[in-house]
Every structure is written in structure tokens, then in C-alpha cells.
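In: Sequence and predicted model, in that order:
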Amino acid sequence: MDRRGDIIRFGNDGWRARFDDGFDADSVARVADALGLLWADDAPGATVYVGYDTRHDSVELARLAAGVIASYGLVVRVSDAPCPTPVVAWACANDPAAVGSVVITASELSCEYGGLLVRGADGGPATRDFIDALERAISLTPPSGRGAFEESDLVSPYLEALLARVDRGAISSARPRVVVDAMYGAASGHLARLLTEAGCDAVEIHVEQREDFGGIHPDPRDPWADACEQAVVAHGAQLGVLLDGDGDRAGVVDERGVLLPARVLVPMVLGDLVMAHGSRGRVVTTLTCSACIDREAERLGCEVTRVPVGFSRIYRETLESDVVMGVEEYGGVCVPDHLRERDGLLVCLLAVEMLARSGKTLSSMVSELEGAIGSMSYARRDLRLESATSQAFRNVLPGLNPGALAGREPVEVSHADGLKVQFEDDSWVLVRPSRTSSVVRVYAEAATARDRDELLSAACGLVRSGF
């Protein structure tokens, strides 16, 4: 999010700002006014869904946005409780009268931030053309008009739809003990309810309402996952599941208290979709995703399509009917026949089902997977440059074509999203300047941490000397 004065700009993850630096009632009302104007012009009398998370004033801001949008003659339905983004997106996608949805959330960011997401009629992200039109339509003056809206239970129909997708008998028979950590976020209570109804013995942590999130970031990775990892061991649970602040991204912890990296979790979920559910089709990944996902897709007979970073690129591929899964590098998973949006609750439920059906421990399943596809070590470094230096590097980047990196000769060099250098053993390194700041992100993956770090260091050296 870029905000200069009263100008509001939307990034890939919506509009985000600190509560003490622009995210306030007036700004939310201005965005809602522009949305109401555009949606009413496009589909007069259509339905709009509104959800919100557990952050400071989220419910009040959601009701404010709903009233402003309703003033344009649109039918507005607001969740009667904090709810994950996939809930709102699913409600919108399954209502033929819906034109779009709004969620008041800053997802995995710390408690000092607020945010607003816009979703299209199919539950997926709004198009860039729509967002550009939205930014142009935002007035500098907060609107005065308000309309009537209704509050309703959006969560229950969604949970019922999720439960219909899995083998509840297998889960109930196994009755796994699961530590549930919604990280004080929008899925608090809902994920534990889902797993309990599926037949699990759910132990919920971080469930109380705390606007400060207990000092953690609602982001399902270390160090923020420490409490869940410890709780799994303390309660003798078979696994732990975590969700980020708005429930679109999941983490899974094995029985030893080890958080599974995305390079392991995603192939396991893909295997469950293909082998247990009979799903078939392409797997769409960003260029920064682990090679382990490609290996498992190939083993399962699934074609892989790689796209530049950004969920909007994955979403565009899901508009074709042959996509079984879309994956972001940090583990956000989209299953298009359920929803054209990432859904962490579905990932958690599939992980539990997979474990229940196997009769094995999660760690042993990981070992079996790595025995079949190998193991890789993945990491990212961010290089902060002066603005002029960053621009200079952007200018020379299209012409960079290294003949070797860290003593390795590449088999492929691509400039599809920065610079990606691929090697024969599936190791790779990618250099990608940020679109919104003077940061160059460097990703690398290799068979060992040592090889990975050598690639990272070599690529960082290339950035520093490449101009």
C-alpha cells in the first residue's frame, strides 16, 4: 500500500495502513463510497458481502462500509461475527446475485495495521482494471449517505460445504487430537468448530479476543508458531494447525512439534487431492515456489504452469477449468473447484483427513514423501538499496545473463520475473526487485543448506556489482 496525503493505493494484498497513519473511518468510508458507485453502475441492485477480522474497530468499520455501499441501492449482507476471508469469498461466489465483497483485514500484519480487501463476484481477487477504476473513483471527502444492511451467519454454510468435501468417517474413527491456533485472528472459534464437527479432539489456543494479538504476528511461521509447536508436544497431539490473521494461509505442525515448510506441506496436500479425491489437472505455481512441488506434481501426473509472483497471476490461470491447485511460495493454496481464492481452513481440514486415512504419524509421512521426491533447502534474503541504486539495478537486470553462479553452470536463465537461474539438479536462484520499495529479494533452493547459501551469496554479489 502506498499512501501520500489523502491518496489511497491498492497493492496485491489490498489496501493496508497503520491505524495511526491513515487507516481510519473516513478513509474506509471513502473507499466504500467508490466501491458502491462502481458496483451499482455495473450491477444495480446486486448483493455485496462484507466481512471483518478481530482487529481494532474492525466490526465498526465493516458496518460503516456496509452502510455506505448500501446507500447506492445495493443489497449488503454483513457477517454477524469476525470471519475469515475465504468465508466471505465463498458466500459471494455461491450467490448468483452477488457482484463482489469487502473484508476489513490486514491478514498477517501486526496489530498496528488495518486493511481492506476487495473480491470479485467469483470470490477471486478484483481485476487490476477494477482496482485502477476504484482508485480513480475515491473521493477526497468522506460520504454522508448511509443505507440499511443486514447481518447474517456467513460461517455456518461455508463450514458445512467444507465438511462435505472430506471423509468424516475416517476422521471420526481416528479421532486425532489437534492443536488449533488461529493466532487471535478471524478464524478464532471457527477452525476449532470445523475440526470438532469433523470428529477431531480439538485443543484451541490463542482463542481469546485480544486486539494486541498477545504480542505475536498472526503469521503461521516461526517464530510466531512457537506456541503451537510447544502445545502439540505438551498435549500429546497428532498434529497442530495454524491460520494467519484472515484465514487464507495455513501452517501444519507434526507430532514432534516441527512446523512443516511449504515445500513439504503443499506436495502432501496435492497428493491427497489427487490420490484420495481423484482430482486431476494442472498445478499453477509462482516462479519462487519450491522445486519439491514440481517433483510431486510430475510424480502424480500433473502438468505444472509457472507464473510470476502475485496471486492475481495464479487466479487468471484458474479461470481455465483444468487447474487442480494454485500455490504461492509461502504456502497459500487455492483449490479452484472449491474457491478461486486461497483457503487455509480447507488446507487444515485436508491435512487432518490425510493423517486420519493414513494411520501413520505425520513425521513418518514426511519421511516417505522426501524418500520419493527428495528434500530441498529454501531461503530468501532481502537487500535494501538506495533508491537510485535500486533503479539502476532494474535498468540493467534484463541484460544480465550469468554464465555461472557459485561455480555452477546454469541450464536455463529466465527474465520472466526478475532473473531466475536454474541448474541441472533442480537447484535455482531468483533475483526479483520489489515493485513498491527499494528492496531486491533473492530466493534460492538447493539440495543442502550450504549449497543454497552459496547461491544466495553469489546472487547477492551479482546484485551489488551488477550495475
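Out: Good, I have the coordinates. On a predicted model such as this, the values are computed, not experimentally measured, just so you know.
In: how near is residue 307 to residue 294?
Out: Distance, residue 307 to residue 294, by Cβ to Cβ, to the nearest Å: 13 Å. For the C-beta atoms, the positions are set from N, CA and C on the backbone; glycine is no exception.
In: any common contacting residues for those two?
Out: Here residue 307 and residue 294 share the contacting residues residue 285, scored by Cβ atoms under 8 Å, 6 or more residues apart in numbering.
In: Residue 81 and residue 155 touch, don't they?
Out: Yes. Between residue 81 and residue 155 there is a contact at 6.7 Å, judged by Cβ atoms under 8 Å.
In: Tell me the buried residues in stretch 390-397?
Out: Neighbour counts over stretch 390-397 (16 or more other Cβ atoms under 10 Å) mark 390, 393, 397 as buried.
In: which of residue 81 and residue 155 has more neighbours?
Out: In this view residue 81 and residue 155 are compared by other Cβ atoms under 10 Å, and residue 155 has more residues nearby, 24 against 17.
In: Could you give me the buried positions within stretch 299-306?
Out: By neighbour count with 16+ other Cβ under 10 Å, stretch 299-306 contains the buried residues 300, 302, 304, 305, 306.
In: which non-adjacent residue is nearest the second one?
Out: Once flanking residues are discounted, residue 302 sits nearest to residue 283: 5.0 Å by Cβ to Cβ, 6 or more residues apart in numbering.
In: Provide the secondary structure category for the one you found.
Out: Classification of residue 283 using DSSP: H, G, I helix; E, B strand; the rest coil returns strand.
In: ok, it - contacts?
Out: Contacts of residue 283 (Cβ under 8 Å, 6+ apart): 270, 293-294, 297, 302-305, 323-327.
In: Select from these every entry located in helices.
Out: The members of those that map onto helices under DSSP state H are 270, 293, 294, 297.
In: show me what contacts the third one?
Out: It stands for residue 294. With contact taken as Cβ under 8 Å, 6+ apart, residue 294 is in contact with 283, 285, 304, 426.
In: now the first one
Out: Under the criterion of Cβ under 8 Å, 6+ apart, the neighbours of residue 270 are 283, 293, 296, 297, 300, 302, 324, 325.
In: Go again with 7 Å.
Out: Neighbour list for residue 270: 283, 296, 297, 300, 325 [criterion: Cβ atoms under 7 Å, 6 or more residues apart in numbering].
In: quick one: the closest residue to the fourth one other than its chain neighbours and residue 280, what's the gap?
Out: Nearest residue to residue 300 in three dimensions, chain neighbours excluded: residue 274, at 4.7 Å (Cβ to Cβ, 6+ apart). Using Cβ to Cβ, one gets 7 Å for the distance from residue 274 to residue 280.
In: which of the two has more neighbours?
Out: Between residue 274 and residue 280, counted using other Cβ under 10 Å, the more crowded position is residue 274 (21 against 12).
In: just to revisit the earlier point, out of the contacts of residue 294, the closest to residue 218 would be?
Out: Closest to residue 218 out of the contacts of residue 294 is residue 285 (24.7 Å), distances taken as Cβ to Cβ.
In: What pLDDT is listed against residue 387?
Out: Residue 387 is assigned a predicted lDDT (pLDDT) of 82.
In: Residue 37 is in contact with residue 139, isn't it?
Out: No. Counting by Cβ atoms under 7 Å, residue 139 is not a contact partner of residue 37; they are 9.1 Å apart.
In: So the two - more neighbours on which side?
Out: Of the pair residue 37 and residue 139, residue 37 is the one with more neighbours under other Cβ under 10 Å, namely 20 against 13.
In: Does that one lie in a helix or a strand, and which?
Out: If you go by DSSP states H and E, residue 37 is part of helix 25-42.
In: can I get the CA coordinates of the very next helix or strand once past that helix in PDB?
Out: Where DSSP H and E defines the elements, the next helix or strand beyond helix 25-42 is strand 47-52. What follows is strand 47-52, C-alpha atoms only, in PDB (Å, rounded to 0.1, in the frame of the first residue of the first chain):
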ATOM      1  CA  THR A  47     -25.600  -8.200  -3.500                       C
ATOM      2  CA  VAL A  48     -22.400  -7.300  -1.700                       C
ATOM      3  CA  TYR A  49     -20.900  -9.300   1.100                       C
ATOM      4  CA  VAL A  50     -18.900  -7.700   3.900                       C
ATOM      5  CA  GLY A  51     -16.700  -9.400   6.500                       C
ATOM      6  CA  TYR A  52     -14.100  -8.400   9.100                       C
END
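In: Start the count at 31 instead of 1 going forward.
Out: Shifting the count to begin at 31 puts that one at strand 77-82.
In: gap between strand 77-82 and the chain center?
Out: Its chain's C-alpha centre lies 19 Å from the corresponding centre of strand 77-82 when counted by Cα atoms, centre = their mean, to the nearest Å.
In: Remind me what it packs against, helices and strands.
Out: Taking 3 or more Cβ pairs under 7 Å, 6 or more residues apart in numbering; DSSP states H and E as the contact definition, the neighbouring helices and strands of strand 77-82 are helix 88-100, strand 105-109, helix 115-123, strand 128-134.
In: now the longest one: mean pLDDT?
Out: To tie it back to what came earlier, the one meant is helix 88-100. Predicted confidence along helix 88-100 averages 98 (mean pLDDT).
In: tilt between that helix and helix 55-72?
Out: With axes from the mean of the first three to the mean of the last three Cα atoms, to 10 degrees as the criterion, the two stretches helix 88-100 and helix 55-72 enclose an angle of 40 degrees.
In: Tell me the strands beside the stretch of helix or strand residue 181 belongs to, with direction?
Out: For residue 181, the host element (DSSP H and E) is strand 180-182. Strand 180-182 has these partner strands in its sheet, going by DSSP bridges: strand 105-109 (parallel).
In: Tell me how this protein divides into domains.
Out: 33-183, 195-403, 409-495 (automatic domain parsing).
In: so can I have TSV of the ones you listed showing distance to residue 189?
Out: Formatted as TSV, the entries for the domains of the chain read as follows, by distance: least, Cβ to Cβ, whole Å:
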stretch	distance to residue 189
domain 33-183	8
domain 195-403	5
domain 409-495	34
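In: lowest-confidence stretch among these?
Out: Per-segment confidence across the domains of the chain bottoms out at domain 409-495, which has a mean of 92 in mean pLDDT.
In: Start and end of that one, how far apart?
Out: Separation of the first and last residues of domain 409-495 by Cα to Cα, to the nearest Å is 21 Å.
In: which residue packs closest to residue 79, ignoring adjacent ones?
Out: residue 131 (4.0 Å).
In: how far away is the one you found from residue 225?
Out: 25 Å.
In: Those two - which one has more neighbours?
Out: residue 131 (30 against 23).
In: what is that one paired to in the beta sheet?
Out: Assessed by DSSP bridges, residue 131 has beta-bridge partners residue 79, residue 149.
In: Would you confirm that it contacts residue 116?
Out: No. Checked against Cβ under 7 Å, the pair residue 131 and residue 116 is beyond contact range at 10.9 Å.
In: other SSEs contacting the strand or helix carrying residue 208?
Out: Assigned by DSSP H and E, residue 208 belongs to strand 207-211. Strand 207-211 makes packing contacts with helix 220-228, strand 231-235, helix 256-264, strand 269-273 when contacts are defined by 3+ Cβ pairs under 7 Å, 6+ apart.
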